[in-house]
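Asker: Test case, fold it:
(one chain, ligands or ions: 2)
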Amino acid sequence: MSHATRSAAEKRAVFRTGLASGRLLRFPGAFNPLSAKLIQRRGYDGVYLSGAVISAELGLPDIGLTTLTEVADRARQVARVTDLPGIVDADTGFGEPMNVARTVQLLEDSGVAGLHIEDQVNPKRCGHLDGKDVVDTATAVRRISAAVAARRDPSFVIAARTDAKAVHGMAEAITRAKAYADAGADLIFPEAMADAKDFEAIRAAVDVPILANMTEFGKSELLSVSTLESVGVNLVIYPVTLLRLAMHAADTGLATIAAEGTQESLVDAMQHRRDLYDLLGYESYRAFDESVFDFRL
Ligand SMILES: C[C@](O)(C(=O)O)[C@H](CC(=O)O)C(=O)O
Ligand SMILES: [Mg+2]
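Answerer: Ligands and ions are numbered 1, 2, ... in the order given. Alright, predicted model coming up:
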């Protein structure tokens, strides 16, 4: 049926192995559990759960309005239906170090394979917008240390994101990347890097794996998988890509129906009912039901 067949422990082990492999792992952002299933079917390495997407889906801007419970619920719904490891955007950790600790444990319980905590002040904002600010390094290190100490499963990945480049420049981003790795972060997420050179500088500064955020319409050049691999990036996320594609298609469709009075001309651009049923595993539910129904003592 359409639930995950791998346990959280297995997904985390696969993720850890992938991060250590030197191969670039590709994690598109799932905008719901169903799209996570598409990501798996297309052979990607994992799913990303974006704070921007969770907020947008609720009709909200990405300014720290969503609650830990909403994010953990979504993480659990996605983890339930995919065998891929998931990494979830925990923003600033939802509060002070004690809150960060609880965040880590709830997100561990949700079944994902890791999370990232960033060094922005509260309320945070999209890392590609102007006017954001960061807490001092000591405060950020306390967040990371709390996350690492609170983790019960040592294979759960704690990623540290620094937003410092846009505020204080690249040298500060490098200093912070080192400090967060020293505090026990398993993965460094340098936010709003301009180009491959920026990633190279982070790569040279830390020994732990690094993440590239290839979000569109932001401050980063959209680098290809081969370029990212060549500069030693371990994981790439496409956080809002699927939501942007889906929303554009939906909007175009709405305009067409309004203009033409029918969806006829759109049918070829749609996911077919058959394909949706295949993705959902309809047949396996029928077979399961039949096996139970036919059971005789
Ligand atoms: C990665 C990110 O944190 C997210 O929530 O997906 C966003 C993405 C975006 O807004 O484009 C970010 O980069 O801040
Ligand atoms: Mg975010």
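
Asker: what ranges do the strands span in this protein?
Answerer: Secondary structure of the chain (DSSP state E): strands located at 25-28, 47-49, 86-89, 114-118, 157-162, 187-190, 211-213, 235-238.

Asker: Show me what the first one pairs with in its sheet, parallel or antiparallel.
Answerer: For strand 25-28, sheet partners with direction are given as strand 235-238 (parallel), following DSSP bridges.

Asker: And the fifth one, by the same measure?
Answerer: Taking DSSP bridges as the criterion, strand 157-162 forms sheet pairs with strand 114-118 (parallel), strand 187-190 (parallel).

Asker: Are that strand and ligand 1 in contact anywhere?
Answerer: No - contact between strand 157-162 and ligand 1 is absent, the nearest approach being 7.6 Å (criterion: Cβ under 6 Å from any ligand atom). Placement of C-beta: from N, CA and C, glycine included.

Asker: next one: stretch 220-234 to chain centre, how far?
Answerer: Shown here is stretch 220-234, whose average C-alpha point lies 17 Å from the average C-alpha point of the whole chain (Cα atoms, centre = their mean, to the nearest Å).

Asker: should've said stretch 231-239
Answerer: In terms of Cα atoms, centre = their mean, the gap separating the centre of stretch 231-239 from the centre of its chain is 11 Å.

Asker: Same question for stretch 66-77.
Answerer: Relative to its chain's centre, stretch 66-77 lies at 13 Å (Cα atoms, centre = their mean).

Asker: Give me the residues contacting that stretch.
Answerer: With Cβ atoms under 8 Å, 6 or more residues apart in numbering as the test, stretch 66-77 has contacts from 32-33, 49, 51, 54-55, 58, 60, 86, 88-91, 94, 99, 102-103, 106-107, 109-112.

Asker: ranking the strands of the chain by burial, who's on top?
Answerer: The highest mean neighbour count among these, using mean count of other Cβ atoms under 10 Å, belongs to strand 47-49: a mean of 30.

Asker: Output the contacting helices and strands for that strand.
Answerer: Contacts of strand 47-49 with other secondary structure elements, assessed using 3 or more Cβ pairs under 8 Å, 6 or more residues apart in numbering; DSSP states H and E, are made with strand 25-28, helix 33-41, helix 68-81, strand 86-89.

Asker: any idea of the mean pLDDT in the longest one?
Answerer: Just to be clear, that refers to helix 68-81. When pLDDT is averaged along helix 68-81, the result is 98.

Asker: Report the buried members of the contacts of stretch 66-77.
Answerer: Buried members of the contacts of stretch 66-77, counted by 16 or more other Cβ atoms under 10 Å: 32-33, 49, 51, 54-55, 86, 88-91, 94, 103, 106-107, 110-112.

Asker: out of the residues you listed, who's near ligand 2?
Answerer: On the criterion Cβ under 5 Å from the ion, 51, 89 are the entries of the buried ones among the contacts of stretch 66-77 that sit beside ligand 2.

Asker: Now do the helices for the stretch 101-250 of the chain: every range, in order, please.
Answerer: Shown for the stretch 101-250 of the chain, the helices assigned by DSSP state H, counting those that start in this stretch span residues 137-150, 164-168, 170-182, 196-205, 225-230, 241-260.

Asker: hmm, back to that, filter the buried ones among the contacts of stretch 66-77 by proximity to ligand 1?
Answerer: When the buried ones among the contacts of stretch 66-77 are filtered against ligand 1 using Cβ under 6 Å from any ligand atom, the residues retained are 51, 89.

Asker: got the residues of the stretch 151-297 of the chain near ligand 1?
Answerer: For the stretch 151-297 of the chain, the residues in contact with ligand 1 (Cβ under 6 Å from any ligand atom) are 191, 213, 215, 218, 239-240.

Asker: Generate a PyMOL selection restricted to the buried subset of those.
Answerer: Restricted to buried positions by 16+ other Cβ under 10 Å, the PyMOL selection for these reads:
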select buried, resi 191+213+215+218+239+240
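
Asker: Identify, from the residues of the stretch 151-297 of the chain next to ligand 1, the entry nearest to Pro123.
Answerer: Proximity to Pro123 was ranked across those by Cβ to Cβ; first place goes to Glu191, at 16.1 Å.

Asker: how about the strands paired with strand 157-162 in TSV, adding mean pLDDT?
Answerer: Below are the strands paired with strand 157-162 laid out as TSV (pLDDT from 0 to 100):
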stretch	mean pLDDT
strand 114-118	98
strand 187-190	98
